[in-house]
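S.K.: With the input below, show me the fold.
(2 chains)
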Amino acid sequence: MKYLFEGVSRSALILLVLFFAALLAAPMFANDYLIVVLITILYFAYAGQCWNIMMGFAGQLSLGHALYIGLGAYVTAALYVKFGVSPWIGLFPALAIAGAVGAVIGFLAFRFGVSGVYFAILTIAFAEFARIGFDHFGWVGGAAGYFLPVANYTQNDFFNLRGSQHMFYYILLAMTLAAFILCHLLLRSRAGYYWLAIRESPEAAEALGINIFRYKMYAVVLSAALTSLGGVIFAFFYNNLFPEQVFHISRSIELILGPIIGGIGTLFGPIVGAFLLTGLAEGLREIMLRLGIDLPGMKQVFYGICLLFVVMFLPDGVWPPLKKKLGLDRDSEKKES
Amino acid sequence: MTTEVVLKIAISGVLTGLVYGLMALGLSVIFGVVRVVNFAHGEMMTIAMYLVIVFFSALGLDPLLMLVPISAVLFALGYLMQRAIINPFINRPEHSQFMLLVAVALIMVNALLLIFGPDSQGITTSYSFDSFDVGGIIIDAGKVYAAIAALIVAVALFSFFRLTLTGKAIRACADNYNGALVVGLDVKRLYSLTFGIGAACVGAAGTMLMIVTDVTPAIGPAYTLLAFVIVITGGLGSMPGAIVGGILIGLTEALGGFFFTPSAKTMFSFGILVLVLLFRPQGIMGRKTA
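M.R.: The predicted structure is shown next:
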């Protein structure tokens, strides 16, 4: 426990506890719509945190994380529908498969010295490959989609992940918290310091005797496996999977906008980014609704303009300057950014 | 009979591939010089394609006549984009540039959706249904014209970079940024010019592509990916590589779509991309650098 709180200032801890308490209590005050918005936020915060391990810590830009979401979703959904396997058991093969696919991509790329833009495009290529592959994979519905039986929402079947929005909310909250703590610990571990060294300068890291191939592999496999858990929730919350949606490049981009806008490589970045972007999207939707504007594309144009301004004027994301404002900038957080 | 069908499909694939190659050439020129991956490339092409539709329905102009004006419009768009928003990002990390262009792409796709609606639109020219019969092999006339026009634009571009002073100055920027600054080149302006030229390429390619296909606002990202695949296959930054990659990918898609199902055709190009990245990361025609 002492290790867990090491280097976290008192004010940061108080703020964190208050924030978490607010999220814990939120369902008591929120209506159904708000709960769905919060679920979306937590989903992006979780997935963004997982992506951040690879890009924010180890500096490997993946633009194909929808691949791991999709694998997690399809594996657990298929096991549940075809064999009645509980998603709590099905998530282990999902973790293994996503981790293995991550390992294959990482192995191929890092063995052959594929990095930077090339690596990013390789990850897109694998995700697109999976998208078209699943389109023609009849066993799980192909392009026509794969559906989970919709359960009666009056009672929660926790074991089979069938139930109310509140259940999903608390599961996602727990996952987001767990991912946050894991990343916090990772950053203070040997691997975490190695990753930062690799991110800042692969040559220097290698010269210092770090096995950069191995540590890059750790980052990719860990990130891929954890991301697949997000896919499990995605499948059981939405109850339908279409390759065109799940694996699409726009999904991958959606996942990584949060951590980039929030602040890449920071622990709070993915969470702040998820709140901001989902809040922005929902806010714009609300404004359009109020103004009676019902034009397809209008909302996204404004969304794009907001993104443009954020990247132009806040190059490090929203969190680093926000952290300064909140007066949390004195101690350990400095090491991460 | 079957060999003739296969030949017909192969030729048609090569012809379309030449137009793809021109599109990818734009991406390659931009990356080779400015070192920014244009994630809004396909979206810029859809803008050109919609311009064709607007001019065609308003004035009844043939796409071949619109080649120069539409390229000029896209040149202006690219020049202004580089000048206004990309130049300040030149020294930012890759993910930052990526975000910027993703935002631009998002705005472009949805602005087109807002203006033109989600439906697929196309044009019918006087030669849309014409074809040539070469020794029993039927070839679409539209594809032939499009491919010839694409080749002419590509050759013009090669000559520009080899023969003119501006072209040489741009290549100097690509070779050595600091060196170019030292000898007094206005690198920022040359970057804007380059992005404009890349955009003009994609404008010309989009205009030609309208002869053979339809357009929807949502198709942009697919063309962006296609351009990536081609450019990396051919060699990122290599101009002949883009054309060779375009032909290869056009051929692969045509034959893949014929022998398997058309909806799976892009899988083959991604397969080629993966193989190239793994065994020849610098691309077929790329120079071995880093």
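S.K.: remind me which residues of chain A are low pLDDT?
M.R.: Along chain A, the model assigns pLDDT under 70 to residues A:1-7, A:151-154, A:329-337.
S.K.: now for the helix ranked longest in it, which elements pack on it?
M.R.: Across chain A, the longest stretch assigned as helix under DSSP state H is helix A:212-238. Helix A:212-238 sits against helix A:32-52, helix A:66-83, helix A:87-111, helix A:165-187, helix A:190-200, helix A:202-207, with contacts defined as 3 or more CB pairs under 8 Å, 6 or more residues apart in numbering or on different chains; DSSP states H and E. (Each C-beta comes from the backbone N, C-alpha and C, glycine too.)
S.K.: And stretch A:135-154, what's buried?
M.R.: Applying a neighbour-count criterion of 16 or more other CB atoms under 10 Å in any protein chain shown, one finds A:135, A:137, A:140-142, A:146, A:148, A:151 buried in stretch A:135-154.
S.K.: The residues you listed into JSON lines, with extra columns for secondary structure and distance to residue B:147?
M.R.: Converted to JSON lines, these look like this (DSSP: H, G, I helix; E, B strand; the rest coil; distance: CB to CB, whole Å):
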{"residue": "A:135", "secondary structure": "helix", "distance to residue B:147": "30"}
{"residue": "A:137", "secondary structure": "coil", "distance to residue B:147": "35"}
{"residue": "A:140", "secondary structure": "helix", "distance to residue B:147": "40"}
{"residue": "A:141", "secondary structure": "coil", "distance to residue B:147": "39"}
{"residue": "A:142", "secondary structure": "helix", "distance to residue B:147": "34"}
{"residue": "A:146", "secondary structure": "strand", "distance to residue B:147": "41"}
{"residue": "A:148", "secondary structure": "coil", "distance to residue B:147": "48"}
{"residue": "A:151", "secondary structure": "coil", "distance to residue B:147": "56"}
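S.K.: can you name the two of these that are farthest apart?
M.R.: A:135 and A:151 (27.4 Å; CB to CB).
S.K.: Which residue does the stretch 101-250 of chain A have closest to chain B?
M.R.: Residue nearest to chain B within the stretch 101-250 of chain A (CB to the nearest CB): residue A:132, separated by 4.3 Å.
S.K.: what about the closest residue to that residue other than its chain neighbours, how many neighbours?
M.R.: Take residue A:132 and drop its neighbours on the chain: the residue closest to it by CB to CB, 6 or more residues apart in numbering or on different chains is residue B:267, 4.3 Å away. When neighbours are defined as other CB atoms under 10 Å in any protein chain shown, residue B:267 has 22 of them.
S.K.: before we move on, what SS does residue B:267 have?
M.R.: Using DSSP: H, G, I helix; E, B strand; the rest coil, the structure places residue B:267 in helix.
S.K.: got the contact list for it?
M.R.: Applying CB atoms under 8 Å, 6 or more residues apart in numbering or on different chains, we find residue B:267 in contact with A:129, A:132-133, B:256.
S.K.: Over to residue B:213?
M.R.: Contacts of residue B:213 (CB under 8 Å, 6+ apart): residue B:122.
S.K.: Can you pull the phi and psi angles for it?
M.R.: Backbone torsions of residue B:213, given as degrees, to the nearest 10, read phi -150, psi 180.
S.K.: And the pLDDT at it?
M.R.: pLDDT, residue B:213: 90.
S.K.: From chain A, how far off is it?
M.R.: 19 Å (CB to the nearest CB, to the nearest Å).
S.K.: Equivalent analysis for residue B:157, please.
M.R.: Going from residue B:157 to chain A by CB to the nearest CB gives 23 Å.
S.K.: So what does that residue have for phi and psi?
M.R.: According to degrees, to the nearest 10, residue B:157 has phi -70, psi -40.
S.K.: can you pull the contacts of the residue sitting nearest the centre point of chain A?
M.R.: Chain A has residue A:47 as the residue nearest its centroid, 1.0 Å off, counting by CA atoms, centre = their mean. Each residue near residue A:47 by CB under 8 Å, 6+ apart is listed here: A:65, A:69, A:227, A:230, A:255, A:258.
S.K.: quick revisit: which neighbours in the sheet does whichever helix or strand comes after the longest helix of chain A have, and how are they oriented?
M.R.: Toward the C-terminal end, the helix or strand that comes next after helix A:212-238 (DSSP states H and E) is strand A:240-241. Strand pairing for strand A:240-241, using DSSP bridges, gives strand A:146-147 (antiparallel).
S.K.: now the partner strand: how far from the chain's centre is it?
M.R.: 23 Å (CA atoms, centre = their mean, to the nearest Å).
S.K.: Show me what it is in contact with.
M.R.: Outside strand A:146-147, the residues touching it (CB under 8 Å, 6+ apart) are A:74, A:77-78, A:81, A:140-141, A:239-242.
S.K.: Repeat the analysis, applying 6 Å as the threshold.
M.R.: Strand A:146-147 is touched from outside by A:140, A:240-241, with contacts defined as CB atoms under 6 Å, 6 or more residues apart in numbering or on different chains.
S.K.: Skipping its backbone neighbours, what lies nearest residue A:305 in space?
M.R.: residue B:107 (6.3 Å).
S.K.: Touching, that neighbour and residue A:302? I think so.
M.R.: No: applying CB atoms under 6 Å, one finds residue B:107 not in contact with residue A:302, separated by 9.0 Å.
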